[in-house]
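Engineer: Turn this into a model:
(one chain, ligands or ions: 2)
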Amino acid sequence: MSSDRISLTRPDDWHLHLRDHATLATTVPHTARCFRRAIVMPNLKPPVTTVTAAGEYRDRILAAIPPGGSFEPLMTLYLTDNLAPVEIDRAAATSWLAAVKYYPAGATTNSESGVTAIEKTWPVLERMQELDLPLLMHGEVNHRDVDIFDREAVFIDQVLQPLIRRFPGLRMVLEHITTREAAEFVAQADARIGATITAHHLLYHRGHMLAGGIRPHLYCLPILKRDVHREALRAAATSGNPRFFLGTDSAPHPVGEKESACGCAGVYTAPAALELYAEVFEEEQALDRLEAFAAFHGPDFYGLERNISRLELVRNDWTIPGRYHFGAAEVIPVRAGETVRWKLAGGA
Ligand code: DOR
Ligand code: ZN
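Structural biologist: Numbering: from 1, shown residues only. Ligands and ions are numbered 1, 2, ... in the order given. You can find the predicted model right below:
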């Protein structure tokens with residue numbers, strides 16, 4: 001591959017927030033321009049807790065795909081204390097229903113209906129293990145006495161490790177990992193444990209968000225950490241280890257809900273996601289490993305076919321727009337008004 005063009009199998013996004021209704025007109029085209037499939041998070045208001053609701057949501061997403069697009073949303077169910085094991089049977093029998101998402105209650109955006117104590121979900125996890133439906137985890141504890149920068153590492157010790165022992169056949173993804181501890185843990189865990197890594201956690205550390213002024217558009221959960229953690233994530237993403245794969249956690253909010261006295265967590269990376277990952281892989285001199293991270297490791301973990309179609313990135317500076325329409329409001333993307341080095345060939 002020449003140093004000015006990258007050709008790769010069309011990638012997938014294994015962790016994505018599309019939101020709903022009018023905002024799908026913005027979010028779906030941004031993701032569908034380069035990703036063939038995406039795992040769609042269920043933290044709507046109200047959350048997606050049934051296969052029926054997931055099917056209706058899927059229909060709204062499909063209706064927002066630009067003409068000629070071939071985007072495939074893979075839906076998820078939101079785990080609550082009350083989810084019934086029979087819903088898992090329905091989920092496992094539905095080809096486009098890919099996984100169940102665990103949010104600790106109150107840990108992040110729209111997680112109020114999440115799990116209050118993991119033991120309450122054991123019958124559901126039992127059934128998921130039997131039917132081989134993966135569990136996707138927001139891997140943070142949110143006890144008031146655990147510092148926000150420690151919540152992921154404490155989750156691994158207190159929740160994930162016991163869960164792995166209790167459910168030896170359950171496939172799990174530790175979503176949007178942000179720490180060296182998480183990267184090390186996943187690398188040594190057995191093959192049924194995977195992890196997604198976002199572009200923003202590879203690009204930014206907490207200094208970018210807090211030094212010289214507070215930048216609400218970089219506020220996300222799990223929160224950006226020290227630079228040593230970003231370095232460890234870069235090493236994991238570019239290592240070639242199939243346990244790590246691309247998941248943007250692109251999470252748009254209306255500008256007024258970010259630029260606020262109590263701003264929402266979430267970074268909107270979809271308009272330039274693949275290009276931003278390419279920047280990171282280039283900086284790490286690992287462009288030859290981008291394709292596997294972005295297009296092979298995810299489907300292999302989920303037991304799905306790899307995509308066949310391809311796309312190209314070209315070295316070509318472009319400026320990310322300052323804002324986009326977002327329903328009746330607007331959304332500010334990551335790196336708004338700034339330059340990105342790589343561009344999707346043939347893209348707008
Ligand atoms: O930053 C985040 N935004 N982290 C999450 O876990 C949720 C997401 C959202 O839905 O906005
Ligand atoms: Zn997320």
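Engineer: what's the lengthiest strand in the chain in contact with?
Structural biologist: Longest strand of the chain, by residue count under DSSP state E: strand 310-319. By Cβ atoms under 8 Å, 6 or more residues apart in numbering, the residues outside strand 310-319 that reach it are 3-10, 34, 274-275, 278, 337-346. Where C-beta positions appear, they are placed from N, C-alpha and C, glycine not excepted.
Engineer: Show the average pLDDT along the longest helix along the chain.
Structural biologist: When the chain is parsed with DSSP state H, its longest helix is helix 51-63. Averaging pLDDT along helix 51-63 gives 98.
Engineer: related to what we said a few turns ago, need the next SSE after the longest strand of the chain, C-terminal direction.
Structural biologist: Later in the chain than strand 310-319, the nearest helix or strand by DSSP states H and E is strand 324-326.
Engineer: For Gly347, give me the pLDDT.
Structural biologist: In this model, Gly347 is scored at 60, pLDDT.
Engineer: residue ranges for the helices of the stretch 101-250 of the chain, please.
Structural biologist: Remark: helices assigned in the stretch 101-250 of the chain by DSSP state H, counting those that start in this stretch are 122-131, 151-155, 161-166, 180-188, 199-203, 206-210, 227-237.
Engineer: what's the fourth one packed up against?
Structural biologist: What that stands for is helix 180-188. On a contact count with 3 or more Cβ pairs under 8 Å, 6 or more residues apart in numbering; DSSP states H and E, helix 180-188 meets helix 151-155, strand 172-174, strand 193-197, helix 227-237.
Engineer: Compare those and give me the one nearest Ser260.
Structural biologist: Ranking the helices and strands packed on helix 180-188 by proximity to Ser260 (Cβ to Cβ) places helix 151-155 first, at 22.3 Å.
Engineer: Measure how buried Met41 is and give me the count.
Structural biologist: Met41: 27 surrounding residues under other Cβ atoms under 10 Å.
Engineer: which one is it nearest to, not counting chain neighbours?
Structural biologist: Distance criterion Cβ to Cβ, 6 or more residues apart in numbering; nearest residue to Met41, sequence neighbours excluded, is His17 at 4.9 Å.
Engineer: With Glu283 instead?
Structural biologist: Leaving aside its sequence neighbours, Glu283 sits nearest to Arg234 (Cβ to Cβ, 6+ apart; 8.0 Å).
Engineer: residues of the longest strand of the chain that come out buried?
Structural biologist: The neighbour-count check on strand 310-319 (16 or more other Cβ atoms under 10 Å) flags Leu311, Leu313, Val314 as buried.
Engineer: go on, stretch 153-171?
Structural biologist: For stretch 153-171, the buried set under the neighbour-count rule, 16+ other Cβ under 10 Å, comprises Ala153, Val154, Phe155, Ile156, Val159, Leu160, Leu163, Ile164, Phe167, Leu170, Arg171.
Engineer: Can you name the residues in contact with it?
Structural biologist: For stretch 153-171, the external contacting residues (Cβ under 8 Å, 6+ apart) are 104, 118, 122, 125-126, 128-129, 132, 134-135, 137, 139-141, 146, 172, 174, 179, 181-182, 185, 189, 192-194, 301.
Engineer: Work out the gap between it and the centre of the chain.
Structural biologist: From the chain centre to the centre of stretch 153-171 is a distance of 20 Å (Cα atoms, centre = their mean, to the nearest Å).
Engineer: Kindly report the same for stretch 333-341.
Structural biologist: Its chain's C-alpha centre and that of stretch 333-341 lie 20 Å apart, by Cα atoms, centre = their mean.
Engineer: How about residues contacting it?
Structural biologist: Residues outside stretch 333-341 that contact it (Cβ under 8 Å, 6+ apart) are 199-200, 217-218, 267-272, 275-276, 278-279, 282, 315-324.
Engineer: need the residues of this protein near ligand 1, please.
Structural biologist: Counting by Cβ under 6 Å from any ligand atom, the chain comes close to ligand 1 at His17, Asn43, Thr108, Thr109, His138, Cys220, Leu221, Ala251, Ala265, Gly266.
Engineer: Recalculate using a threshold of 8 Å.
Structural biologist: Residues of the chain lying close to ligand 1 by Cβ under 8 Å from any ligand atom are 17, 41, 43, 103, 107-111, 138, 175-176, 219-222, 249, 251-253, 264-267.
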